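A.B. asks: just coords:
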DNA sequence: TTCGTATACTTTGAATTCATATTATTTCAA
DNA sequence: TTGAAATAATATGAATTCAAAGTATACGAA
C-alpha cells in the first residue's frame, strides 16, 4: 500500500520507507501486547521491570532516558508497579531530589518468570528474517535513529524548504 | 546499547534487532510529533486527515484497518476532528450501520497546507539513508510486518517452548 | 417471517503519554 | 553566605489507546 501523495521521487521513496517502518513496529508491538496483558502487564510496565532486571536499580530520570519516555510518564508507570508491590522507591541519600527505583523480591520473581516468554515471542516473530537480514535491519534502524535524534532542529529547515 | 539478557545467540540477535527497530520508530515519531503539535494536530489526527485526503471518504471501520487502530479509537479521533470542523460524518444510506467520514472544505484546505511540511520532514530524516538503504529497510520491514501479522497464534507456540 | 448471528459504531473504564506547572533540593556564582 | 539557576520528581489536564460492553442495523437460516 504505497503512498498516493504527489511529491518528488525522493519524497515518495522516503514516505514509503517511513510507512513500512512504522507499520512493522506497530504490528510487532500489537503482537506482543496481548500476551503481556494476560500477565497483567502493559508494554511500558514491562519496559521498566526489564530495565531494572537487566541494568539494576536506577532513578526515574535514568529510566526515562533508557525507555524514551517523559519523566511524568515514568512517575505514573512506577506508581502503578509500586501499587502492585513489584517495585519500590527509595529517596537517595546523596542527592535527596532523586528517587531510586528497584525491584522488590516479588517483582524480581515475577519478571524472571515473565521475560523468557516475551523474549521467545520476539525471537519467533523475528525469525521471519534470516540472521543476516536481522543484522542489516538493525544496522539501518540504528543509523536512521541517530539521524533523527540529531535533527531536533530539523523542523525549521524542513519548513523553510517547504 | 545491546540487551543484557542471558539467552541463546538467536535470542540475543532477535532482541537487539527488535530494540533498534522500536527505538528508530519511536525516535522518528517523536521528531514528527512536535511540529505537528504546533499545527494543533496529534499524530493520530494527521493519520485520519491524510487517509481521507489521499484515499477519499471512507467509513470508520476502513479507517481503523488502514491506520491499525481500534474502532473505539477512531471514533474518538474523528469526534475531535469533527468538533474542529475538519471532517464530517454522514450515515450511509445503503447500510445504516456505517458512517462515512469525509473532509470538509475547511479540512481539505487545512490538510493540504499541512501535509507538504510533514512529508518534507520525513524526507529530511530519511535522507540519513541512501536511496538503496531506504529500499532495503522498507523491504525488511514489510517482510517482518507480514510475519508478525500471520502469527496471531504465535504466543501459544512461544509459551509452549518457554 | 422471524430469530439468531454478525457487523458498525459508540460508550465506558483504565492506563499511557505528553506538555506544562509546581515543589524540593542542589549547585554555583557573587 | 546568600540568592539565582538548574535539576528530579510530582501534579495536572488533555488526548490517545485498548478491551469490553452496549446499541442499532443487516443478513441468513429455519
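C.D. replies: Noted; the coordinates are in hand. Every value quoted in this text rests on a predicted model; they were computed, and no experiment measured them.

A.B. asks: which residues in chain A form helices?
C.D. replies: Counting by DSSP state H, chain A has helices at residues A:9-38, A:43-55, A:60-67, A:71-83, A:105-126, A:131-150, A:154-161.

A.B. asks: any idea which of those scores lowest on pLDDT?
C.D. replies: Per-stretch mean pLDDT for those is lowest at helix A:154-161 (a mean of 30).

A.B. asks: about what we covered before: out of the helices of chain A, nearest to residue B:92?
C.D. replies: The closest of these to residue B:92 is helix A:9-38. By CB to CB, the value is 27.7 Å. C-betas here are computed from N, CA, C, even on glycine.

A.B. asks: may I see the buried residues of the closest one?
C.D. replies: A:11-29, A:31-32, A:35-36 (16 or more other CB atoms under 10 Å in any protein chain shown).

A.B. asks: go ahead and flag the most central residue of chain A.
C.D. replies: residue A:67 (5.3 Å; CA atoms, centre = their mean).

A.B. asks: the residue lying closest to that one once chain neighbours are set aside: neighbouring residues, count only.
C.D. replies: The spatial neighbour of residue A:67 that comes closest, neighbours along the chain excluded (CB to CB, 6 or more residues apart in numbering or on different chains), is residue A:47 at 4.9 Å. By other CB atoms under 10 Å in any protein chain shown, the residues close to residue A:47 number 19.

A.B. asks: quick one: residue A:82 and residue A:99 touch, right?
C.D. replies: No - using CB atoms under 8 Å, residue A:82 and residue A:99 do not qualify as a contacting pair, with a distance of 10.6 Å.

A.B. asks: what touches both of the two?
C.D. replies: residue A:89 (CB atoms under 8 Å, 6 or more residues apart in numbering or on different chains).

A.B. asks: quick one, what contacts the nearest residue to residue A:75 once chain neighbours are set aside?
C.D. replies: Among residues not flanking residue A:75 along the chain, residue A:60 sits closest, at 6.4 Å (CB to CB, 6+ apart). Under the criterion of CB under 8 Å, 6+ apart, the neighbours of residue A:60 are A:71, A:74-75, A:78, A:98-99, A:101.

A.B. asks: could you pull up the contacting residues of residue A:23?
C.D. replies: Applying CB under 8 Å, 6+ apart, the residues near residue A:23 are B:68, B:141, B:145.

A.B. asks: likewise residue A:118?
C.D. replies: Here residue A:118 is in contact with A:32, A:35-36, A:46 (CB under 8 Å, 6+ apart).

A.B. asks: go again using 7 Å as the cut-off
C.D. replies: A:32, A:36, A:46 (CB atoms under 7 Å, 6 or more residues apart in numbering or on different chains).

A.B. asks: what of residue A:18?
C.D. replies: Under the criterion of CB under 7 Å, 6+ apart, the neighbours of residue A:18 are B:122, B:126.

A.B. asks: what do you get for residue A:61?
C.D. replies: residue A:71.

A.B. asks: what about residue A:12, distance to DNA strand D?
C.D. replies: 24 Å (CB to the nearest atom of the strand, to the nearest Å).

A.B. asks: separation between that residue and residue B:108?
C.D. replies: Distance, residue A:12 to residue B:108, by CB to CB, to the nearest Å: 21 Å.

A.B. asks: only the buried residues of stretch A:108-120, if you could.
C.D. replies: A:108, A:110-111, A:114-120.

A.B. asks: put together CSV for those residues, with distance to residue A:127 on each row.
C.D. replies: Below are those laid out as CSV (distance: CB to CB, whole Å):
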residue, distance to residue A:127
A:108, 29
A:110, 27
A:111, 24
A:114, 21
A:115, 18
A:116, 16
A:117, 16
A:118, 15
A:119, 13
A:120, 11
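
A.B. asks: nearest to DNA strand D among those residues?
C.D. replies: residue A:118 (16.4 Å; CB to the nearest atom of the strand).

A.B. asks: list phi and psi for the residue lying closest to residue A:147 once chain neighbours are set aside.
C.D. replies: Leaving aside its chain neighbours, residue A:147 sits nearest to residue B:128 (2.9 Å; criterion: CB to CB, 6+ apart). Backbone torsions of residue B:128, given as degrees, to the nearest 10, read phi -70, psi -20.

A.B. asks: wait, residue B:128 touches residue A:142, no?
C.D. replies: No - taking contacts as CB atoms under 7 Å, residue B:128 lies outside contact range of residue A:142: 10.5 Å.

A.B. asks: so who does residue A:88 touch?
C.D. replies: A:82, A:102, A:104.

A.B. asks: so which of these reach DNA strand C?
C.D. replies: Here nothing survives when the contacts of residue A:88 are matched to DNA strand C using CB under 7 Å from any atom of the strand.
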